[in-house]
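S.K.: just to be clear, the model below is a prediction. Sequence and coordinates:
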Amino acid sequence: MLSIKNLHARAGERDILKGLDLEVGPGEVHAIMGPNGSGKSTLAGVLAGRPDLEVTEGTVTYRGQDLLDLDPEERAREGVFLAFQYPVEIPGVNNVYLLKAALNAVRKHRGESELDAFEFLALVKDRMKLMQMGDSFLNRGVNEGFSGGEKKRNEILQMAVLEPALAVLDETDSGLDIDALKVVANGVNSLRSPDRSMVVVTHYQRLLDYIVPDFVHVLSDGRIVRTGGRELALELEERGYDWLRGGANAA
Amino acid sequence: MATGQQDVEQLVARKYRHGFVTDIESDTVPPGLDESVIRLISHKKKEPEFLLQWRLRAFEHWLTMPEPDWAHVRIAPIDYQAISYYSAPKKKTDGPKSLDEVDPKLLETYDKLGIPLHERARLAGVAVDAVFDSVSVATTFKQKLKDAGVIFCPFSEAVQEYPELLEKYLGTVVPPGDNFFAALNSAVFTDGSFVYIPKGVRCPMELSTYFRINAANTGQFERTLIVADEGSHVSYLEGCTAPMRDENQLHAAVVELIAEDDAEIKYSTVQNWYPGDENGVGGIYNFVTKRGDCRGRNAKISWTQVETGSAITWKYPSCILRGDNSVGEFYSVALTNNLQQADTGTKMIHIGRNTRSTIVSKGISAGRGQNAYRGLVKILPGAEGARNHTQCDSLLMGSDCGAHTFPYMEIGNPTAVVEHEATTSKISDEQLFYCRQRGISEEDAVNMIVNGFCKEVFRELPMEFAVEAQNLLSVSLEGAVG
Ligand SMILES: Nc1ncnc2c1ncn2[C@@H]1O[C@H](COP(=O)(O)OP(=O)(O)O)[C@@H](O)[C@H]1O
Ligand SMILES: [Mg+2]
């Protein structure tokens, strides 16, 4: 599904990713953990094609194609979805309007017909129920005046509607209380399937109690310094990140 | 990989789609302006003596007036002697009696513009008057309107058929000496539209006029006069386009609206005159005086404008709220791209008691465009209980453009409530990336954000025109992506 080899990336003058390798197979859920500033969002951004990040070395192959060669919108249409750490507000643009435009762009790319208003609304309402969101979300501006938790839920709602093949969730758990965390995790879990892979970026292991990963990776200073199973997350919780810091060879 | 801000700038590089010239024989007077030209225009139009005298008085007055220089625009000096003040498509006969007699080339022009004049081909429910250079070439749906008692005809026809109505109302809202360009218009206007809605009549369809400047070196000076008698209602739309030419062309129109007791006029404009090229060469100077007079109690005048064209736009559709409880509204979207400049806004003059006004202005600046909102809210001492709400929003695209706000308030009555809100925002790279990450192209994302920004204004437009306005904005912001 996704194969990252020796990835180096920079923002402005600063090297952030410094030789990152990651293999994600179909249906797998990988957790990426690491201290603040270790490059987690940068990795997510590179996968999504954030324009202000520059890849200086390495390759990213997604379903057999060179992912780095595609524009952000092409990646999205090919099934790459990023749930943003900080979803931006777009005042005046209806949430439901953006969602419909997004879904139709993806469907068009797949050679499917556009959904009509009824089919679309039925789909969205179904997914909103899953995310326990009220109808009022539909006609508010995209993320406009949403609380932190509402923004995160809205991201997962979009994911549930767009049904991506590769979902990258960037700290979707941060700022959520325990009830909201359960709702979000439940939404994510319902989307787990043998042909959908997920990269779940998180700072805390708490999320992984609800979204149980197949692999846990520790990112430090732009590199994966350790890979393990679910238990690695628990160990991290106990011991913190310090024992791994700067220890690329500890992996 | 693409870089953010540049993308926004590339995106807004525009193309003008109405820039073709119609190859048609026209009857054009040589450039220049003096009394004899005015007499010639009046003569060609077979005008009654009162109108000729009215023109000549306006001209004399104009000669004494200095050109205004207070707007927030850069302007090359205009040589008023280099302009031709009359250009008409040459006709086989005295003028078309029906559409079948209109030159097919003209009909083609309007078809290209997306304004089919043939009644059977057209959107039902909209009567259209088309003004080509200086004269009106076709008015549709005449009979149906006549049955309702509505008068909707070219100005020059009204001069012949309803001189008493013209004499009663012409220049009563915008006096001939009101300002430099209004005075010029009063002296040399060539055509336009006249509308009269009798007492208690709700006009059975939208009325609309399309203006087109075709000939080179001509100015367009049309005049629109709309009178809504007691308890009547009318919705009127004007649209405008012009070919691409390297010289600037002057468009100095005057629009007068009169609403008597309980009458309502809704006036919508979609202005897409040629804006000039990306280096600011050519384009229309759009200097227009628009004013509505709520003469009666409970009268209402509502202006909605979508201004995307012209090199320079300079206009302030205004409302004189004379009648008690009368209502004035101004909803505006003004877009400036490349080197376009717009200085637009409104004046709400509250005279009557409990008069209310609403101003919603949305300015979009892209490229090196400069966009200024200039608005006056004036509450006279007798305007007990007057209210105004002004909302003034600017959207910037790129870093070389500008937005400016000049709100003026003169409050002469302590019971007045006047509110002003203003915001400035930018389409951020972050917003564009967010949309693209959802599979939406950059161009569609820009359109979506711009349309969202303009929503409050678009929803005031009649349905078909709201769609047209949205398309126009996307065309105006269109460019090569990536
Ligand atoms: N555009 C940028 N320019 C310069 N430095 C940046 C930029 N974006 C991120 N950084 C820096 O790179 C490091 C990694 O950032 P990020 O990937 O957001 O970390 P994480 O998500 O793991 O907290 C941080 O030190 C951050 O300050
Ligand atoms: Mg982060």
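M.R.: Yes, it's here. Ligands and ions are numbered 1, 2, ... in the order given.
S.K.: and the pLDDT at residue 192?
M.R.: By default, I'm working from chain A. Note for A:Arg192: predicted pLDDT of 95.
S.K.: my bad, the chain I had in mind was chain B
M.R.: Predicted confidence (pLDDT) for B:Gly192: 83.
S.K.: how about A:Arg226?
M.R.: Residue-level pLDDT assigned to A:Arg226 equals 92.
S.K.: in this structure it contacts A:Tyr241, no?
M.R.: No. Assessed by C-beta atoms under 8 Å, A:Arg226 is found out of contact with A:Tyr241, at 10.1 Å. The way it works is simple: take the backbone N, C-alpha and C, and place the C-beta from them, glycine included.
S.K.: between these two, which contacts overlap?
M.R.: Residues touching both A:Arg226 and A:Tyr241 (C-beta atoms under 8 Å, 6 or more residues apart in numbering or on different chains) are A:Val218.
S.K.: more neighbours, those two?
M.R.: A:Arg226 (21 against 17; other C-beta atoms under 10 Å in any protein chain shown).
S.K.: beta partners of that one?
M.R.: Per DSSP bridges, the residues bridged to A:Arg226 are A:Val218.
S.K.: and it, how far is that from B:Asn298?
M.R.: Distance, A:Arg226 to B:Asn298, by C-beta to C-beta, to the nearest Å: 77 Å.
S.K.: one more: A:Ala105?
M.R.: 49 Å.
S.K.: neighbour count for these two, which is higher?
M.R.: A:Ala105 (22 against 19).
S.K.: list the contacts of that one.
M.R.: Counted by C-beta under 8 Å, 6+ apart, A:Ala105 has contacts A:Glu73, A:Ala76, A:Arg77, B:Arg438, B:Gly439, B:Ile440, B:Ser441, B:Asp444.
S.K.: in a markdown table: these, plus secondary structure and distance to B:Asn337.
M.R.: Below are the contacts of A:Ala105 laid out as a markdown table (DSSP: H, G, I helix; E, B strand; the rest coil; distance: C-beta to C-beta, whole Å):
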| residue | secondary structure | distance to B:Asn337 |
| --- | --- | --- |
| A:Glu73 | helix | 23 |
| A:Ala76 | helix | 28 |
| A:Arg77 | helix | 29 |
| B:Arg438 | coil | 26 |
| B:Gly439 | coil | 27 |
| B:Ile440 | coil | 22 |
| B:Ser441 | coil | 19 |
| B:Asp444 | helix | 18 |
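S.K.: with adjacent residues omitted, what lies nearest to the residue of the stretch 51-200 of chain A found nearest chain B?
M.R.: For the stretch 51-200 of chain A, the residue closest to chain B is A:Gly92, as judged by C-beta to the nearest C-beta, at 3.0 Å. Excluding the flanking residues, the one nearest A:Gly92 by C-beta to C-beta, 6 or more residues apart in numbering or on different chains is B:Gly452, at 3.0 Å.
S.K.: how about A:Val55?
M.R.: A:Ala9 (5.0 Å).
S.K.: is whichever strand or helix holds that neighbour anywhere near ligand 1?
M.R.: Assigned by DSSP states H and E, A:Ala9 belongs to strand A:2-11. Yes. Strand A:2-11 lies within reach of ligand 1 by C-beta under 6 Å from any ligand atom, at A:Ala11.
S.K.: what strands line up against the following helix or strand past that strand, and which way round?
M.R.: Once the chain leaves strand A:2-11, the next helix or strand it forms, by DSSP H and E, is strand A:14-24. Looking at strand A:14-24 with DSSP bridges, its partner strands are strand A:2-11 (antiparallel).
S.K.: so what's the closest residue to A:Glu28 other than its chain neighbours up against?
M.R.: With C-beta to C-beta, 6+ apart as the criterion, A:Glu28 has its nearest non-adjacent residue at 4.8 Å, and that residue is A:Asp214. Shown in contact with A:Asp214 (C-beta under 8 Å, 6+ apart): A:Glu28, A:Val29, A:His30, A:Gly229.
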